[in-house]
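Visitor: only the shape, not the letters, is given here:
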Ligand SMILES: Nc1ncnc2c1ncn2[C@@H]1O[C@H](COP(=O)(O)OP(=O)(O)OP(=O)(O)O)[C@@H](O)[C@H]1O
């Protein structure tokens, strides 16, 4: 692929973004794969233990994702397991202090992240029960403390942002089996059709 085309995957924690990003990268013979580096964030485990570090957690993610954007202006097909609007979804969910949230959003706007718009967002729509099961199965120790309420709020805030977007393919990820070749092929065909328009 000559021209730059960026496809990002979004959805709740454990909805299957990284797994699908890897699968699409292979299947679509893409040029770049950009994956979230969540394990580098020193605040995340503290946040899950209910420490008052929401602003620090979200700022760290914002800066870390922003620094990955330097890989973002090359020609070719880019697949990423997150979109930059994720920063806003999570900040609204975790930062309870209104002044801090305002500050976060103003920094986000100064960075002018809108210019890093994806050509296509594939949203993995999941129920809270589905992600709870997948999170349990993958068994990352710090995620044991995640509660259903938090996951439900994330779903709600994702939906709030998605309703104003016009570049989204939404898939029912409760039913979607990324390990089934036929289902993956169907999704790739749907994406290719979208790319042609
Ligand atoms: N379609 C699927 N059906 C069943 N299990 C899945 C599916 N997709 C992913 N999984 C499994 O669910 C778990 C979570 O998937 P993954 O790590 O890709 O989610 P994620 O959305 O990237 O999570 P996070 O946002 O926390 O990084 C993994 O153990 C993965 O193997």
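Guide: Thanks, I have it. Everything quoted here is computed from the prediction, not taken from an experiment.
Visitor: can you pull the contacts of the one residue in the chain that gets nearest to the ligand?
Guide: Here the residue of the chain nearest the ligand is residue 16; by Cβ to the nearest ligand atom that distance is 2.9 Å. No exception for glycine: its C-beta is placed from N, CA and C like everyone else's. By Cβ atoms under 8 Å, 6 or more residues apart in numbering, residue 16 lies in contact with 124, 126, 134, 173, 176, 178.
Visitor: who touches the last one in this structure?
Guide: Taking Cβ under 8 Å, 6+ apart, we find residue 178 in contact with 16, 19, 20, 23, 184.
Visitor: which SS class is it?
Guide: What DSSP: H, G, I helix; E, B strand; the rest coil gives for residue 178 is coil.
Visitor: circling back to that earlier point, also near the ligand: which of the contacts of residue 16, exactly?
Guide: 134, 176, 178 (Cβ under 6 Å from any ligand atom).
Visitor: mind putting those residues into a markdown table with pLDDT?
Guide: Listed next are these as a markdown table, based on pLDDT from 0 to 100:
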| residue | pLDDT |
| --- | --- |
| 134 | 95 |
| 176 | 97 |
| 178 | 96 |
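Visitor: re the thing from before, out of the contacts of residue 178, which sit inside helices?
Guide: 19, 20, 23, 184 (DSSP state H).
Visitor: around the ligand, pick out the residues from the protein.
Guide: So the chain meets the ligand at 11, 13-19, 36, 81, 134, 137-138, 176-178 (Cβ under 6 Å from any ligand atom).
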